[in-house]
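Undergrad: starting from these lines, generate the structure:
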Amino acid sequence: MHDQNNVFLAIALSVLILITWQYFFATSFSRKEARAPQIDLPGSHAQLKQSEAFPPPPQQQKVSRQEALGRSPRVAIETQSLKGSIALRGGRIDDVLLARYHETTDPKSPPIELLSPSGSPQAFYAEFGWINVSGTALAVPTSETTWRQVGSNNLGVGRPVLLSWQNGAGLEFRRTISVDDKYLFTVRDEVENRGPDPVALAPYALISRHNPPPTLGSYLLHEGAIGVLGEEGLQELTYKTLDERKRVPFTTNGAWLGFTDKYWAAVVAPQASVPLHAEFAASELGSLKTYEADYLQQTQTILPGSTASATTRLFAGAKEVAVVDDYQKALELDRFDRLIDWGRLWFITRPMFSLIDYFFRLVGNFGVAILIVTLLLKMAFFPLASRSYASMARMKALQPKLQLIRERFDGDKVKQQEAMMQLYRDERINPIAGCLPTLVQIPVFFALYKVLFITIEMRHAPFFGWVRDLSAADPTNLFNLFGLLPYDPSAVPLIGALLVVGAWPLVMGLSQWIQMKLTPASADPTQAAIMNWMPVIFTFSLAKFPVGLVIYWTWNNLLSTVQQLIVMRRNRVS
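TA: Presented below is the predicted three-dimensional model:
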């Protein structure tokens, strides 16, 4: 009995420590830092960064997003998924709004702003072009070049936009930009040489981000630079790591790379698996910090009368699981599904999401889908749980005999333990078998937490009543009587962080208390007191967790309680 309660206590305290660490002490880190050697090859990034065609971002005074947009003539982007515009100055894709996602659960709230132009508070854009590697003076388009639109249509599905610019020395640059019905831009750059001499140009593409964007600082999720670069594999670097290392170059054959947030991402990839130089980099210009993910392809020699081309794909949108999977298959992008951070327990988290998503498509509510999956898991582990609860029931039936042993050997702990263990052997009881249901549900608990935390499908997903977002904490609060008192308890100095307990966490705490009352009590008064307070501690600790996780835990407790009562009745234990 003593051993069993020790195990229960250890499990409960372990979960509590993990909860406390997550919410108060966890900081970002990169699970796999880039290992590529610091090398510079002819035509590599040293040449790229020094080229006139690749000038550093100008030091600009920050202005509003709208004012920054007004600095360039633009071509509108209009699809069911995306709104925004392309800047004719520089030919950049630097204005992308996610039309189907909003800042809050209110459908009238502003759409998510993903890409923004240089000079705006959160500049984030994609740029494409050619580098002159001829060794002679040759004008190529730069970030300051104003392109001419051929035609007048806006960019939409099935309506590509054609841009053109001539350098006055026999080269005509053409850029065709198309977009699908989701989040994929295809940019085809062409150079026609009408001059008398051959020219040597190298195509490039980049994602640039100015100043560190706000991050969650959670060890559960990677935010920052990301990519799969050939044999180097998956690379994940935080902004802090880039600040420290400045440049992380690669020479690879095929790649995709860019920057990822919790729910959104922007990455570039060449159309074909061709040799290229890729790089993650960070730099400072005064108070401006810039982060870049870029690649430079092999040099192309364009003879007089010939045309060269290069095609880049740009993903700029929401990390929807089905969409990301479809792009991985259709575009043959290596491990593109890792854009979603499933974590090291991906073999649990990914199937967990797939199962919940399957039932969501049947019932139309993610909360109900979570309840169904929890019930299925209970059914799957029913034989194991039944044996465990039966053991607990038999342990409870042994309490009078155990109490007699404690009284008989009150002054001799060694003989007391020996007598207890002999009793367990005689009754064929494993004293720690009762903890198996808890051990089983811990990985499920964290897998579901991960799914709720990282998947955009759970963002703003409603349940019933006051729960409008399963990925957020319960919006109600006991300490203002669930909205009857007009004040925010969390704003109280010093203790405000503790005064956040919603209705679902309270129900969860009650279900935890009921279940623990069915568990044989510890003979150790200290352990018994700690276990009695565990429901209260869990109520406060889980109050800040996604309410979907709290609903799961409550439902799991109720199912466990019913199952435990049935087993105890079968074993005739009151």
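Undergrad: next one: W466 from V507, what distance?
TA: Separation of W466 from V507 (CB to CB, to the nearest Å): 13 Å. Where you see a C-beta, it was placed from the backbone N, CA and C, and this is true even at glycine.
Undergrad: those two: who's more crowded?
TA: V507 (19 against 15; other CB atoms under 10 Å).
Undergrad: for the nearest residue to the more buried one once chain neighbours are set aside, pull up the helix or strand it's in.
TA: Residue nearest to V507 in three dimensions, not counting chain neighbours: T554, with 5.4 Å by CB to CB, 6 or more residues apart in numbering. Following DSSP states H and E, one finds T554 within helix 547-570.
Undergrad: elements contacting that helix?
TA: Counting contacts by 3 or more CB pairs under 8 Å, 6 or more residues apart in numbering; DSSP states H and E, helix 547-570 is packed against helix 366-380, helix 382-397, helix 436-454, helix 503-517, helix 525-542.
Undergrad: tell me the domain ranges of the chain?
TA: Residue ranges for the domains of the chain, per automatic domain parsing: 53-341, 363-395+434-451+463-570.
Undergrad: turn these into CSV, columns for mean pLDDT and distance to E418.
TA: Converted to CSV, the domains of the chain look like this (pLDDT from 0 to 100; distance: least, CB to CB, whole Å):
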stretch, mean pLDDT, distance to E418
domain 53-341, 91, 44
domain 363-395+434-451+463-570, 81, 16
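Undergrad: can you add distance to M352 and give those domains back as a markdown table?
TA: Below are these laid out as a markdown table (distance: least, CB to CB, whole Å):
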| stretch | distance to M352 |
| --- | --- |
| domain 53-341 | 12 |
| domain 363-395+434-451+463-570 | 5 |
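Undergrad: re earlier: check contacts around the residue nearest to V507.
TA: Contacts for T554 (CB atoms under 8 Å, 6 or more residues apart in numbering) come out as 504, 507-508, 511.
Undergrad: circling back: mind checking which of the domains of the chain is nearest E407?
TA: Closest approach to E407 among those (CB to CB): domain 363-395+434-451+463-570, 10.8 Å.
Undergrad: and the end-to-end length of the closest one?
TA: One end of domain 363-395+434-451+463-570 sits 35 Å from the other (CA to CA, to the nearest Å).
Undergrad: again with stretch 260-274
TA: 24 Å.
Undergrad: got the buried residues for that stretch?
TA: Neighbour-count burial for stretch 260-274, counted by 16 or more other CB atoms under 10 Å, picks out 260-270.
Undergrad: next: stretch 403-417.
TA: Using 16+ other CB under 10 Å as the test for burial, stretch 403-417 gives 405-406, 409, 416.
Undergrad: any chance of those residues in CSV, plus secondary structure, distance to S287 and pLDDT?
TA: Conversion of those to CSV gives the following (DSSP: H, G, I helix; E, B strand; the rest coil; distance: CB to CB, whole Å; pLDDT from 0 to 100):
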residue, secondary structure, distance to S287, pLDDT
I405, helix, 73, 77
R406, helix, 70, 74
F409, coil, 73, 77
Q416, helix, 70, 77
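Undergrad: just checking, A461 touches A369?
TA: No: shown here, A461 and A369 do not form a contact pair, counting by CB atoms under 8 Å, at 9.4 Å.
Undergrad: what is the neighbour count of K517?
TA: K517 has 11 neighbours, counted by other CB under 10 Å.
Undergrad: what do you get for N253?
TA: 11.
Undergrad: quickly list what it is bridged to.
TA: P275 (DSSP bridges).
Undergrad: try the one 5 residues further on
TA: According to DSSP bridges, I226, V267 are recorded as the beta-bridge partners of G258.
Undergrad: that one: what's it in contact with?
TA: Contact analysis of G258 by CB under 8 Å, 6+ apart lists 207, 225-227, 265-268, 293, 315.
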